[in-house]
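Participant: Structural data only, the sequence is not supplied:
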């Protein structure tokens, strides 16, 4: 299967862009796609030319999260090899989340539309979030799907939105609107643009212009200082606690059952 | 299976959520128990109760929802801030922490929960200058939803109806897991603060300054802008 993730280099290698490119499937991602994002992040991290890493998407949906077919694949795989469940659960929650939390370059997310589940968790792990227009929202339906917050969201949501809002949205499974993200200063700027390409290109050109006058070492230094804050330590701890808390949920089979019900349309989310 | 899915914390049919500690009971405690040392008196009547209730709120394993139907003051306001989700009946609600006015220090975990939920600067301004936290200050930080209602009973009932509706969609063990994961970020800090706060305040109660100020508040038309 063709990968939904493509990298691109901009501004003479100073900007590393990771693009989610499967708009016909609402940019939902397979396990391989998530792994690919992790590998590209590592590549950007190790490339001394790169100063800023940007996460972009295509079409009008940033990403619908994990692909249903992949959940079915994991379910079947686990029936035959129960021991593989740990790997399926731990890989995104520990390895991929770590790639984000330990990333040494500035991480920018261009949110062109809604993001759901694990991809929405990755959005919250970015340092700066820009939105295309007010069509963007984040949705974390963990409680509806029968497991617990993953991808660092037990830390990033309370940290960036406030504890009570985090409880509200994680417990009720309600979407986090653009207005709420702006009010909480989680989204820095809303561009009010209709076309995703125009939005993506505008941000690249703005960042190109901005970093022209900045010291690359200062950029790294600032990021390093902010990464030393308590929240990042909590995130490191959360990778273990989230994985260990969510594992029994997955092994109980409840998430597989609920994903199937959503796919079949017998269980609907309020959206 | 545990049938208590959410713990709700609300008062019925009053304009105030809670005006905090009862002045009369403080006055009675001050007078009574002659022969008992001041320290023992206030350990029994302040420290043990205060730290107990704070602790119970902080360690609660279920999602704690507060239906704020009106203003809350002092320890009651602190308990509201300890709740996971707060719904406001309307925009007339406010929280007030008159610690400085009453010769007290922060209590009910507020030395941790307020900076955590409102930010450092806002907390400092509110507490040190004895200001009210109005609906606009609480919106999006502590209060997550405004029901825009006027009748307390209807409001309380409506929240319960909404929660019952919600319970159909969510997997209950997930909610306990969410609570555990999020609370792990701050629970120990509140535990520590609870001990420090009550230990700091006991000196004031033994000296009698809060009692004098509570008495003044009771007698005089209150300067306090409630």
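Facilitator: Noted; the coordinates are in hand. What you see is a predicted model, and the numbers here were worked out from it, not measured in a lab. Numbers count the residues shown, from 1 in each chain, chains lettered A, B, ... in the order given.
Participant: Report the contact partners of the closest residue to chain B within the stretch 1-150 of chain A.
Facilitator: At 3.5 Å from chain B, residue A:148 is the closest residue in the stretch 1-150 of chain A, using CB to the nearest CB. All C-beta atoms are positioned from the backbone trio N, CA, C, and that covers glycine. With contacts defined as CB atoms under 8 Å, 6 or more residues apart in numbering or on different chains, residue A:148 is in contact with A:142, A:154, A:242, A:245-246, A:249, B:174, B:177-178, B:181.
Participant: Repeat that for residue A:204.
Facilitator: Applying CB under 8 Å, 6+ apart, one finds that residue A:204 lies in contact with A:10-11, A:15, A:17, A:54.
Participant: Next, find the distance separating the residue of the stretch 1-150 of chain A closest to chain B from residue A:112.
Facilitator: Taken as CB to CB, to the nearest Å, the spacing of residue A:148 relative to residue A:112 amounts to 28 Å.
Participant: and what of residue A:147?
Facilitator: Separation of residue A:147 from residue A:112 (CB to CB): 27 Å.
Participant: Neighbour count for the two, which is higher?
Facilitator: residue A:112 (30 against 27; other CB atoms under 10 Å in any protein chain shown).
Participant: Touching, that one and residue A:197? I think so.
Facilitator: No - under the criterion of CB atoms under 8 Å, residue A:112 is not in contact with residue A:197, lying 9.4 Å apart.
Participant: the strands in chain A, which residues?
Facilitator: Using DSSP state E, the strands of chain A run over A:5-10, A:15-20, A:52-57, A:106-111, A:115-116, A:128-131, A:137-139, A:176-177, A:189-190.
Participant: Now do the buried residues in the first one.
Facilitator: Applying a neighbour-count criterion of 16 or more other CB atoms under 10 Å in any protein chain shown, the buried positions in strand A:5-10 are A:5-6, A:10.
Participant: ok, and what's touching it?
Facilitator: Identification of contacts with strand A:5-10 by CB under 8 Å, 6+ apart yields A:15-21, A:29, A:33, A:36-37, A:40, A:43, A:204, A:208.
Participant: so who does the closest residue to residue A:24 other than its chain neighbours touch?
Facilitator: In space, residue A:24 comes closest to residue A:59 once its chain neighbours are excluded; the distance is 7.9 Å by CB to CB, 6 or more residues apart in numbering or on different chains. In this structure, residue A:59 makes contact with A:23-24, A:26-27, A:112-113, A:196, judged by CB under 8 Å, 6+ apart.
Participant: what does residue B:117 give?
Facilitator: Applying CB under 8 Å, 6+ apart, the residues near residue B:117 are A:162-164, B:81, B:141-142.
Participant: for residue A:82, same thing?
Facilitator: Shown in contact with residue A:82 (CB under 8 Å, 6+ apart): residue A:251.
Participant: neighbours of residue B:109, just the number please.
Facilitator: 26.
Participant: Kindly report the same for residue A:183.
Facilitator: Neighbouring residues of residue A:183 were enumerated by other CB under 10 Å; the total is 16.
Participant: In chain B, where is pLDDT below threshold?
Facilitator: In the prediction, chain B carries residues with pLDDT under 70 at positions B:1-15, B:32-35, B:220-226.
Participant: what ranges do the strands span in it?
Facilitator: Secondary structure of chain B (DSSP E): strands located at B:6-9, B:63-68, B:72-73, B:85-88, B:94-96, B:132-134, B:143-146.
Participant: Looking at those strands, which is nearest to chain A?
Facilitator: Between chain A and the strands of chain B, the tightest spacing by CB to the nearest CB is seen for strand B:143-146, at 4.1 Å.
Participant: quick one: the closest one near chain A?
Facilitator: Yes - among the residues of strand B:143-146, B:143-145 lie within reach of chain A under CB under 8 Å from any CB of the partner chain.
Participant: interface residues of the stretch 101-250 of chain A facing chain B?
Facilitator: Residues of the stretch 101-250 of chain A found near chain B (CB under 8 Å from any CB) are A:142-149, A:154-155, A:157-158, A:162-168, A:170-173, A:180, A:183-184, A:234, A:237-238, A:241-242, A:245-246, A:249.
Participant: mind running it again at 6 Å?
Facilitator: If contacts are counted using CB under 6 Å from any CB of the partner chain, the residues of the stretch 101-250 of chain A sitting beside chain B are A:143-144, A:146, A:148-149, A:154, A:158, A:162-165, A:167-168, A:170-172, A:183, A:234, A:245.
Participant: ok, which pair from the contacts of residue A:59 is furthest apart?
Facilitator: Maximum pairwise distance among those (CB to CB): 15.1 Å, between A:24 and A:112.
Participant: low pLDDT regions in the stretch 151-271 of chain A?
Facilitator: Flagging of the stretch 151-271 of chain A using pLDDT under 70 yields the residue ranges A:268-271.
Participant: Quick one: residues contacting the single nearest residue of it relative to chain B.
Facilitator: Residue nearest to chain B within the stretch 151-271 of chain A (CB to the nearest CB): residue A:154, separated by 3.7 Å. With contact taken as CB atoms under 6 Å, 6 or more residues apart in numbering or on different chains, residue A:154 is in contact with A:238, A:242, B:181-182.
Participant: Show only the entries of the residues you listed found in helices.
Facilitator: The helices, defined by DSSP state H, take in A:238, A:242, B:181-182 from the contacts of residue A:154.
Participant: nearest to residue B:22, of those residues?
Facilitator: Top of the list for closeness to residue B:22, among the ones in helices among the contacts of residue A:154 and by CB to CB, is residue B:182 at 33.2 Å.
Participant: Next, count neighbours for the closest one.
Facilitator: For residue B:182, which is what you asked about, the neighbour count (other CB under 10 Å) is 25.
Participant: Isn't residue B:77 up against residue B:93?
Facilitator: No - because the distance of 10.3 Å does not satisfy CB atoms under 6 Å, residue B:77 is recorded as not touching residue B:93.
Participant: More neighbours: these two, which one.
Facilitator: Using other CB under 10 Å, the more surrounded residue of residue B:77 and residue B:93 is residue B:77, with 27 against 23.
Participant: excluding its backbone neighbours, what's nearest that one?
Facilitator: With sequence-adjacent residues excluded and distances taken as CB to CB, 6+ apart, residue B:77 is closest to residue B:95, at 4.2 Å.
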